[in-house]
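Student: This is a predicted model, with the sequence first.
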Amino acid sequence: MNKSKSGKNRREFVGLKKHTHVQRTHILKEFVIPTLHRELGDNLVAVAADGSYARCEDTDYSDLELMIFVKSKGKMPNGFSKVYDGMLIEGLFVTEEDYHRMIHEPNEWWYIAGSDELMPIMNKAFVRKVERYRLKKKALKCNTIARELIYEAQEAFGKLFTAIDCRNRENLFVILSEVVLTTLKLLAYVNQKPYTSSKKFITEARKFRKKPDGFDEFIGLVTEAGYLDWRLLEKCAVKLFKGIENYFKLKYDDKIYDDDLSSIYRKDKSKKRR
């Protein structure tokens with residue numbers, strides 16, 4: 001029988017193969033760690049795994065993500081990507097200060113990076129010390145980023161309403177995806193809670209305490225493919241965007257957007273932005 005017809009070898013790829021958690025552990029300890037020791041020498045401080053492997057949630061096609069702590073970055077690259085026996089291995093070279101700034105402190109990637117959990121592979125004491133970092137002024141920092149994301153939402157929804165008006169079916173999925181991701185990012189900062197995994201964005205967002213009016217209906221429309229109905233899509237999108245704006249109106253006394261064109265880049269230090 002022809003192999004392709006039997007269905008047994010439909011997924012014979014060069015760069016994507018199934019691995020178990022045990023197999024990932026073997027590759028990590030037998031190949032990756034010795035190489036890091038050899039190439040980094042005394043500059044190597046600690047190695048920790050993160051992502052699904054660190055949470056012991058890795059599945060057949062999961063990658064292996066590593067945080068490689070060094071004393072000094074110097075002219076080192078930011079990291080590396082390797083595909084070994086069909087498994088993606090990605091490592092970031094970071095100092096302790098880099099890690100806190102990238103992961104613990106709210107930034108544009110905190111909505112997914114902020115939930116990072118580390119599994120010590122080398123120098124457990126150091127990794128545990130890094131994890132004891134305490135974030136200060138979390139609410140203020142998250143609110144600051146949320147205020148900036150309202151402009152990103154304005155742009156994304158503008159593209160969606162244009163697509164609806166033009167009946168742009170061919171590009172609708174990409175445009176709609178941008179709206180969904182922007183809204184999900186916004187909710188992470190509003191609730192001051194990052195997502196644990198991209199696989200759980202919507203599932204976790206549904207459970208947030210703070211959600212704009214129309215969010216659940218809009219997400220339901222997307223997950224059930226109801227967005228193919230133009231009228232229903234417009235109705236749900238309008239309700240959600242109004243819900244987002246209303247949330248910020250209530251929080252910031254109706255001053256949602258910066259509309260002062262008398263000054264472009266200079267900030268009046270006498271006026272504090274709430």
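Tutor: Here it is on my side, so go on. Numbering: from 1, shown residues only.

Student: Return the residues in contact with Glu65.
Tutor: For Glu65, the contact set (Cβ atoms under 8 Å, 6 or more residues apart in numbering) comprises 49-51, 53-54, 90-91. Every residue, glycine included, has its C-beta placed from N, CA and C.

Student: So it: helix, strand or coil?
Tutor: With DSSP: H, G, I helix; E, B strand; the rest coil as the basis, Glu65 sits in strand.

Student: what's the helix or strand for the residue positioned nearest the centre of the chain?
Tutor: Centroid-nearest residue in the chain, with Cα atoms, centre = their mean: Ile112, separated by 3.2 Å. Take DSSP states H and E as the rule and Ile112 turns out to sit in helix 110-113.

Student: residues in contact with the next helix or strand after that helix?
Tutor: Counting by DSSP H and E, the element after helix 110-113 in chain order, helix or strand, is strand 119-122. Identification of contacts with strand 119-122 by Cβ under 8 Å, 6+ apart yields 28-29, 33, 44, 46-50, 53-54, 66, 127-128.

Student: nearest to Glu97, of these?
Tutor: Ala46 (13.9 Å; Cβ to Cβ).

Student: how many neighbours does the nearest residue to Lys138 once chain neighbours are set aside have?
Tutor: Nearest residue to Lys138, sequence neighbours excluded (Cβ to Cβ, 6 or more residues apart in numbering): Gln192, at 5.8 Å. If you count neighbours by other Cβ atoms under 10 Å, Gln192 ends up with 17.

Student: For the residue nearest to the centre of the chain, which residues are in contact?
Tutor: Taking Cβ under 8 Å, 6+ apart as the test, what Ile112 contacts is 188, 194-195, 197-198.

Student: how about CSV for the residues you listed, with neighbour count and secondary structure added?
Tutor: What follows is the contacts of Ile112, written out as CSV (neighbours: other Cβ atoms under 10 Å; DSSP: H, G, I helix; E, B strand; the rest coil):
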residue, neighbour count, secondary structure
Ala188, 25, helix
Pro194, 20, coil
Tyr195, 21, coil
Ser197, 14, coil
Ser198, 9, helix
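
Student: ok, these vs Val70, which is closest?
Tutor: Closest to Val70, out of all of these and judged by Cβ to Cβ, is Pro194, at 24.9 Å.

Student: Next up, the contacts around the residue lying closest to the closest one once chain neighbours are set aside.
Tutor: Leaving aside its sequence neighbours, Pro194 sits nearest to Gly114 (Cβ to Cβ, 6+ apart; 3.4 Å). By Cβ under 8 Å, 6+ apart, Gly114 lies in contact with 103-104, 106, 194.

Student: quick one: Lys82 and Ile89 touch, right?
Tutor: Yes - the criterion here is Cβ atoms under 8 Å, and Lys82 meets it with Ile89 at 4.6 Å.

Student: And those two? Which one has more around it.
Tutor: Ile89 (19 against 13).

Student: On the three-state scheme, that one is what?
Tutor: Per three-state DSSP, Ile89 ends up strand.

Student: In the sheet, which residues pair with it? Tell me.
Tutor: Leu64, Lys82 (DSSP bridges).

Student: can you pull the contacts of it?
Tutor: 27, 32, 63-64, 66, 81-83.

Student: Buried among the residues you listed? Make that a ChimeraX selection.
Tutor: Burial among the contacts of Ile89 is assessed by 16 or more other Cβ atoms under 10 Å; the matching ChimeraX selection reads:
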select :27,32,63,64,66
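
Student: Return the member of the contacts of Ile89 nearest to Ala225.
Tutor: Closest to Ala225, out of all of the contacts of Ile89 and judged by Cβ to Cβ, is Asp63, at 28.6 Å.

Student: So for the closest one, what's the nearest residue that isn't a sequence neighbour?
Tutor: Asp63's closest residue in space is Leu88 (Cβ to Cβ, 6+ apart), at 3.8 Å.
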